[in-house]
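> the sequence and its predicted three-dimensional model are supplied below.
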Amino acid sequence: KAGVTQTPRYLIKTRGQQVTLSCSPISGHRSVSWYQQTPGQGLQFLFEYFSETQRNKGNFPGRFSGRQFSNSRSEMNVSTLELGDSALYLCASSPRHGGTDTQYFGPGTRLTVL
Amino acid sequence: LAKTTQPISMDSYEGQEVNITCSHNNIATNDYITWYQQFPSQGPRFIIQGYKTKVTNEVASLFIPADRKSSTLSLPRVSLSDTAVYYCLVGESGNTGKLIFGQGTTLQVKP
């Protein structure tokens, strides 16, 4: 089975721009969660989508949003980028919704904001 | 709010057993406690999860006391390839669905 894939792997943007990141979960997995990883804050939960609905959300501003499609693929959008948004963005898929059920992580998208 | 605490770093030698403890208060009552391993430039990889007492799989053991305020990941006979960052993951109390990663423990295995 193919693993979780994320595109693009690397991205450079400037302040004020917006960005869309994509995640394709493992086939058959219906839950996709997104995380931000930075050296200072570590791994922080952004949100979880299941069956095209956002089920849980972390403590991030409204500039961070996402969606999930009927094939379980998910996108994450960050608008009005700030320097502090530079991070590794990870998505993880799981067969079931919610909780700390086993998640399978993608390699991440490295976003650099200049 | 749930809060987790892990040692920032640990050193070990090949062949030794390594125990990494994560302290976590106010966690969700109905969630597993899960541990992940992360290598540079990769996403975290699932190691083991448990709810209470002891769980063992082919790579690690996990010890969780009855009060679930901590968990200890045990890696038997580590090798150089076990050098990585190890994270605990818990759910926030109140079963809000929010997930909290520990800050990670960097394990350095020396020959």
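Yep, that arrived.

> hey, what's the nearest residue to A:Tyr10 once chain neighbours are set aside bridged with?
The spatial neighbour of A:Tyr10 that comes closest, neighbours along the chain excluded (Cβ to Cβ, 6 or more residues apart in numbering or on different chains), is A:Arg110 at 4.9 Å. In this view, the C-beta of every residue, glycine as well, is placed from N, C-alpha and C. Counting by DSSP bridges, A:Arg110 forms beta bridges with A:Tyr10, A:Leu88.

> quick one: A:Arg110 from A:Ser74, how far?
Separation of A:Arg110 from A:Ser74 (Cβ to Cβ, to the nearest Å) stands at 18 Å.

> what ranges in chain A fall below the confidence cut-off?
Applying pLDDT under 70 to chain A flags the ranges A:1, A:98-99.

> mind redoing it with 80?
Low-confidence segments of chain A (pLDDT under 80): A:1, A:97-101.

> so where do the helices sit in it?
In chain A, no helices are found when defined by DSSP state H.

> I'd like to know how far the most centrally placed residue in it sits from B:Tyr86.
Nearest to the geometric centre of chain A sits A:Trp34, at 3.2 Å (Cα atoms, centre = their mean). As defined by Cβ to Cβ, A:Trp34 lies at a distance of 21 Å from B:Tyr86.

> same question, A:Phe105
A:Phe105 is 14 Å from B:Tyr86, by Cβ to Cβ.

> excluding chain neighbours, what is closest to the residue nearest to the centre of chain A?
A:Trp34 sits nearest to A:Leu46 (Cβ to Cβ, 6+ apart), 4.1 Å away.

> right, and that neighbour touches A:Phe60 too?
Yes: counting by Cβ atoms under 8 Å, A:Leu46 does reach A:Phe60; the two are 5.6 Å apart.

> quick one: which of those two has more around it?
For A:Leu46 versus A:Phe60, neighbours defined as other Cβ atoms under 10 Å in any protein chain shown are more numerous around A:Leu46 (22 against 16).

> dump the residue contacts of that one.
Shown in contact with A:Leu46 (Cβ atoms under 8 Å, 6 or more residues apart in numbering or on different chains): A:Ser33, A:Trp34, A:Tyr35, A:Gln36, A:Lys57, A:Gly58, A:Phe60, A:Phe64, A:Gly66, A:Met76, A:Tyr89.

> what does B:Gln42 give?
A:Pro107, A:Gly108 are the contacts of B:Gln42 under Cβ under 8 Å, 6+ apart.

> close to chain B: what parts of chain A are there?
Contact residues (Cβ under 8 Å from any Cβ of the partner chain) of chain A with chain B: A:4, A:33, A:35, A:42-45, A:48, A:55-59, A:90, A:92, A:98-108.
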